[in-house]
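Enquirer: Quick one: sequence and predicted model below, then my questions.
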Amino acid sequence: MTTRGTYIAFEGLEGCGKSTHVTRLAEKINAVATREPGGTRIGALLRSILADPENTDLNSRAELLLMTADRAQHMSELIEPALQRGQHVVSDRSMYSTLAYQGYGRGLDVDTLLSINAWALNNVLPEIVVWIQIPTEEANTRLAKRDLDRFEREGADFFARIGAGFAELAAKDPARWILIDGLEPKDVVEEKIFAAVVAHPSFTLHS
Ligand code: TMP
């Protein structure tokens, strides 16, 4: 029987270096690299609605449901089949972004979001969450250099609530979360992530 792969998610504020380290870890452990929102064809359509700075009228609950629709599609089309084939999946963001952004950031009830997401995911949750931590001020500085999407245009308070949200989620569930200092040099961050992931009890080593 094939050993099931491990579902690993990366989380953190914008500009923390997630996408670089998702790619680097996925190469090292021979995993499928993907992202939310936008990891599937349907997801890319949803992502364009969610990111468009013109959509200032998007309601928070509608935003939550679009994020969760992306996730349901992502799980059924890409994540679950890969895990079943025995491949690891490394995803740039997961349902923990919904808890942080739509929950702590927008003020929707976190327990309700958790149950909607668990339903959308058929209860397949990330087994390992790598949180690349950077201070809110650093995220703001890094963002100042980019073309901003709808989320990136939110104020510093929004990102401060999200940072605090990630901290609370990690503190409640320390066995699942790996905390990484995102201010260290990229290669050091890469090494630390790799070492922590392969040492994690949920990581299945494939021969
Ligand atoms: P990205 O820029 O890291 O790819 O993420 C897109 C934006 O969407 C980012 O600002 C975080 C936000 N987001 C949520 O608000 N809720 C979610 O569930 C996810 C996956 C992302």
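Expert: Noted; the coordinates are in hand. Residues are numbered from 1 along each chain as shown.
Enquirer: contacting residues around the lowest-mean-pLDDT helix or strand in the chain?
Expert: Using mean pLDDT, DSSP states H and E, helix 136-143 stands out as the lowest-scoring helix or strand of the chain, at a mean of 87. Under the criterion Cβ atoms under 8 Å, 6 or more residues apart in numbering, residues Leu13, Glu14, Gly15, Cys16, Ile134, Glu152, Ala156, Phe159, Ala160, Gly163, Gly182, Leu183 lie in contact with helix 136-143. The C-beta positions use only the backbone N, C-alpha and C, and glycine is treated the same way.
Enquirer: Please identify the buried residues of it?
Expert: For helix 136-143, the neighbour count (16 or more other Cβ atoms under 10 Å) marks Thr136, Ala139, Asn140, Arg142, Leu143 as buried.
Enquirer: is that helix anywhere near the ligand?
Expert: No: contact of helix 136-143 with the ligand (Cβ under 6 Å from any ligand atom) is absent, the minimum separation being 9.8 Å.
Enquirer: That helix: what's the following helix or strand?
Expert: As assigned by DSSP states H and E, the chain's next helix or strand after helix 136-143 is helix 156-172.
Enquirer: pLDDT (mean, whole number) over that following helix?
Expert: Mean pLDDT, computed over helix 156-172, is 96.
Enquirer: That helix relative to helix 136-143, how many degrees between them?
Expert: Using axes from the mean of the first three to the mean of the last three Cα atoms, to 10 degrees, one finds that helix 156-172 and helix 136-143 are set 120 degrees apart in direction.
Enquirer: what's downstream of helix 156-172, the next helix or strand?
Expert: strand 177-181.
Enquirer: in its sheet, what does that following strand sit against?
Expert: Sheet pairing of strand 177-181 (DSSP bridges) gives strand 128-133 (parallel).
Enquirer: Filter the contacts of helix 136-143 down to the buried ones, ChimeraX style.
Expert: Those of the contacts of helix 136-143 that count as buried under 16+ other Cβ under 10 Å are selected in ChimeraX with:
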select :13,14,15,16,134,152,159,160,163,182
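Enquirer: which ones among the contacts of helix 136-143 come in contact with the ligand?
Expert: Glu14.
Enquirer: ok, now which ones touch the most centrally placed residue in the chain?
Expert: Centroid-nearest residue in the chain, with Cα atoms, centre = their mean: Arg93, separated by 1.4 Å. Shown in contact with Arg93 (Cβ under 8 Å, 6+ apart): Ala9, Phe10, Glu11, Lys18, Arg35, Glu36, Pro37.
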